[in-house]
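S.K.: got a sequence here, can you build the structure:
(chains A and B)
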Amino acid sequence: MNMFMRVGAACALSLSMTLAAFGANATTVKVAYDADPVSLDPHEQLSGGTLQLSHMVFDPLVRWTQDLQFEARLATSWEQVDDTTTRFHLREGVKFHSGNEMTAADVVWTFNRLKASPDFKGIFNLFTAMNAVDDYTVDLVASEPYPLVLHTATYIFPMDSQFYTGMTDDGKDKSELVKHGDSFASRNVSGTGPFVVSEREQGVRVVFDRFADYWDTASPGNVDQVILTPIKEDPTRVAALLSGDVDFIAPVPPTDLQRVDNNNGTNLITMPGTRIITFQMNQDRNPAFKDARVRKAIDYAVNNAGIVDRIMRGFGTVAGQASPAGYLGYDESLAPRFDLDMAMSLMKDAGYEDGFSMTMMAPNNRYVNDDKIAQAVASMLAKINIKVDLQTMPKAQYWPKFDERAADMMMIGWHSDTEDSANFHQFLSHCFDADTGNGQYNSGAYCNAEADALMAASNTETDPAKRAELLQNLEGILYDEAAFIPLHWQNLAWGARDGVHVEKIVNALNFPYFGDLVVD
Amino acid sequence: MFAYLVKRAFQAIAVMFVISVVSFAIQDNLGDPLRELVGQSVSEEVREQLREELGLNDSFITQYLRFAWKALHGDLGTSYFFKEPALTVIFKKLPATLELVFGATVIIIGLSVPLGVYTAIKPNGLFSRIVMGLSIVGISVPVFLTAIAMIYLFSVELQWLPSFGRGDVVPIFGHWDTNFLTVDGWQHILLPSIALASIMLPLFVRLIRAEMMETLQSEYVKYATAKGVRPMRIYFVHALKNTLLPVITVGGVQIGTMVAYTILTETVFQWPGMGFMFLEAVNRVDTPLIVAYLIVVGFIFVVTNTIVDLIYGLVNPTINIARMGA
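M.R.: As a prediction, this is how the structure comes out:
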């Protein structure tokens, strides 16, 4: 046996031993969410589930950190070329799951597909084009100076353009984006992300295996396999964690927070969320709401701290405005209001000392404890002589009612897709405008030209300090006029087995970065 | 016999027709499917366009005729969520549900007959009293409560059995994966089967007991006793046979009811069957799937009732099903 053969044999032996060791120690993490992703196509539906999947199978150009800063991912750096153009330098040597290498062409292709997606095109409205400068540089062009370029770049998860180009066996275009019905992209996926989808049975389980050629070798993540099972029922999901059948669950329902926390062997991780829960008061339906004093009286009458304490069991952050802390528009001085005497005197001033009657609607399966919150608010309003006729219903029936503006007071929760304050006003309290879609969810018919002007100004203001001032002024106006009743921001809660260090990978956006998950 | 089956086939078609019309008529009240298909910030304009593409803006008659025409060709529509033909989705989920119902049925038959007979023979015994007491509890406690209590006891506290899902399943043919070929599969199906059985079991114990007590009073039993026939033979051969007639009738109807209870049981145990699928479809306003499910369940009802009638004839030869006109 010559030298080479001996070395070769030794290598083969050590390799097979490594493989065996790898097989024995392969780390599998079992995850239970309340739902599984509706599709493997990252552009089919703009929802938390889709974005959670995208962060596992794809990588964005930039992503949010835990303290809501930007972190370079597939873009290594960026700079402003002129007022409306941002240049992104792409990471080199990044491989897709198919083996193709990622280049500027893929990023441009992805951008164009986003512009055509019914769900995502709204976010990319202000961007007119993306141009490839060379293989690893792209220019993103906006129609006007836009302060949220990086916010938007968190939505660009480059797709493997070669993989998605061509025809399927039954003659369909592979790049096709179908909102309902079958498509190549809804069943097949090739991204750059830390995991490949190796098995998927919709509604039952998805198996993710670590991508061997993942570019981010600096990531501390050591999980080889993630098995995601949707468990719809709250008690069953909690039981699955407590019994050790799964390693990680989300969300943990408010009633079981203590249990998961106190149980030996499991940990609870909570974080203030960014979804605001509010009530809107319809001025078109109920003339009393035209008077800002009445709206304020309602705000003073609603004890949102009590709701968070009793109904949410502390699982929420009491709100006095739409923007959560950390957003540019957040103004610390806008404290939640609760003062029954004040509410009574405001009602008296407005000439409604004897109160009035009104209708109220809320969903009963959309937000955490939504129907109980509505009942509590209704009984709080009874104290200032407002008689509330409350109706709660499943979300499937609620949204058509909401579109009809079917009650005087309606509940709505909102999470800003751009993680920016202006988004709240644009959808919830802007004067309704059918052409631009502004005020689409403004069931209160609140309309204030001054507030709208502030939002418009903020949309083209690229200096963060000036922009913060504009947005805080905007929140201030909405607060002074009691444009809506802010209740609380829903907290987020995850439960994990000891040794599964999810506290490092979760964030307020609720997209855990599984690629970086460390398991002991 | 043949004429009877033909008659039943026509009945099945009529039942499914009525169900399809009714489920179609209520679909507008289920909510707006578009909301579940798009994100929150999608404009009304885009939603309207999608609604048009899905044909949701057409009149009830147009929509129904289109559905009926396709249904006659074996196409009950495509699920919005699964993006597959609704029937394919249901057939994929059907085995899980059938195995669960089978598991529960075995438990019910295996326990209700001996318990029912025993409590009839020894109505005042201590064991009989305990059984009857427990049966009251079983009937009155809702199935999801039983299920959650069992999960907490056997999965969380004792850690004997898994808390959710089907575990390791083995494919037999087509979409049929079975739980009964692996230990893990057996462990997974045990709790859901017991939970599902917990509703029907007390009912059957009480039914068999009541029928049995009545039969034991009859002349022919007294005669057999006087003649010196062994008691076991009297109870299990002579008396039980006559007891079973009403039990089978009730049983046939109850199997249909059991399909309804699978919705609750499967939801609590995250059992990937068609009951859970249906509840999810309602939440998502997946109307094609809802309509297809109701039609399939209607069909199952007709088939089980037909089978019950046929068994009726076997158990009691004096009944001539051909003339029953059922």
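
S.K.: what residues are up against the residue of the stretch 151-300 of chain A found nearest chain B?
M.R.: Per Cβ to the nearest Cβ, the residue of the stretch 151-300 of chain A with the smallest distance to chain B is A:S243, at 4.1 Å. (Glycine included, C-beta is placed from N, CA and C.) The contact partners of A:S243, taken as Cβ atoms under 8 Å, 6 or more residues apart in numbering or on different chains, are B:I151, B:S155, B:V156, B:Q159, B:P162, B:S163.

S.K.: what subset of those is also close to chain A?
M.R.: B:I151, B:S155, B:V156, B:Q159, B:P162, B:S163 (Cβ under 8 Å from any Cβ of the partner chain).

S.K.: ok, so of the contacts of A:S243, who is nearest A:R285?
M.R.: B:I151 (45.7 Å; Cβ to Cβ).

S.K.: for that closest one, which non-adjacent residue is spatially closest?
M.R.: Distance criterion Cβ to Cβ, 6 or more residues apart in numbering or on different chains; nearest residue to B:I151, sequence neighbours excluded, is A:A239 at 4.7 Å.

S.K.: I'd like the next helix or strand past the helix or strand containing the one you found.
M.R.: Taking DSSP states H and E as the criterion, A:A239 maps to helix A:234-242. Going down the chain from helix A:234-242, the next helix or strand is strand A:248-250, by DSSP H and E.

S.K.: note down every partner strand of that next one and its orientation.
M.R.: With DSSP bridges as the test, strand A:248-250 is paired with strand A:28-33 (parallel), strand A:484-497 (antiparallel).

S.K.: most tightly packed of the ones you listed?
M.R.: Among the strands paired with strand A:248-250, ranked by average contacts under mean count of other Cβ atoms under 10 Å in any protein chain shown, first place goes to strand A:484-497 (a mean of 24).

S.K.: could you give the angle of that one to helix A:234-242?
M.R.: Orientation check (axes from the mean of the first three to the mean of the last three Cα atoms, to 10 degrees): strand A:484-497 against helix A:234-242 gives 30 degrees.

S.K.: send the alpha carbons of strand A:484-497 over as CSV?
M.R.: What follows is strand A:484-497, C-alpha atoms only, in CSV (Å, rounded to 0.1, in the frame of the first residue of the first chain):
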residue,chain,number,x,y,z
PHE,A,484,-59.3,57.0,17.9
ILE,A,485,-59.1,55.1,21.2
PRO,A,486,-55.7,53.4,21.6
LEU,A,487,-55.9,50.4,23.9
HIS,A,488,-52.6,48.6,24.0
TRP,A,489,-49.8,47.0,22.0
GLN,A,490,-50.1,43.2,22.1
ASN,A,491,-47.1,41.6,23.6
LEU,A,492,-45.3,38.7,21.9
ALA,A,493,-44.6,35.5,23.8
TRP,A,494,-42.6,32.4,23.0
GLY,A,495,-42.1,29.3,25.0
ALA,A,496,-39.0,27.1,24.7
ARG,A,497,-37.4,24.1,26.3
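
S.K.: how far off centre is it?
M.R.: Put simply, strand A:484-497 sits 12 Å off its chain's centre (Cα atoms, centre = their mean, to the nearest Å).

S.K.: please apply the same query to stretch A:160-173.
M.R.: For stretch A:160-173, the distance to the chain centre is 30 Å (Cα atoms, centre = their mean).

S.K.: how long is it from one end to the other?
M.R.: Length of stretch A:160-173, first residue to last, Cα to Cα, to the nearest Å: 15 Å.

S.K.: touching that stretch from outside, list them.
M.R.: Stretch A:160-173 is contacted from outside by A:96-98, A:100, A:102, A:105-106, A:109-110, A:174-175, A:183-185, A:188, A:190-192, using Cβ under 8 Å, 6+ apart.

S.K.: so where is the chain shaky, pLDDT-wise?
M.R.: Chain wasn't specified; assuming chain A. Chain A contains residues with pLDDT under 70 at A:1-25, A:180.

S.K.: oops, chain B please
M.R.: Using pLDDT under 70, the flagged stretches of chain B are B:1, B:319-326.

S.K.: may I have stretch B:125-133 as PDB, with CA atoms only?
M.R.: Extracted in PDB, the C-alpha atoms of stretch B:125-133 (Å, rounded to 0.1, in the frame of the first residue of the first chain):
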ATOM      1  CA  GLY B 125     -74.000  -4.300  42.500                       C
ATOM      2  CA  LEU B 126     -71.300  -1.800  43.500                       C
ATOM      3  CA  PHE B 127     -69.500  -2.100  40.200                       C
ATOM      4  CA  SER B 128     -72.800  -1.400  38.300                       C
ATOM      5  CA  ARG B 129     -73.400   1.700  40.400                       C
ATOM      6  CA  ILE B 130     -70.000   3.000  39.700                       C
ATOM      7  CA  VAL B 131     -70.400   2.300  35.900                       C
ATOM      8  CA  MET B 132     -73.700   4.100  35.800                       C
ATOM      9  CA  GLY B 133     -72.400   7.000  37.800                       C
END
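
S.K.: circling back to that earlier point, among the contacts of stretch A:160-173, which are located in helices?
M.R.: Assigned to helices by DSSP state H, the following of those qualify: A:A105, A:D106, A:W109, A:T110, A:F184, A:A185.

S.K.: neighbours around the fifth one, how many?
M.R.: I take that to be A:F184. 22 (other Cβ atoms under 10 Å in any protein chain shown).

S.K.: is it true that it touches A:E176?
M.R.: Yes: using Cβ atoms under 8 Å, A:F184 makes contact with A:E176 at a distance of 6.5 Å.

S.K.: okay then, goodbye and thanks.
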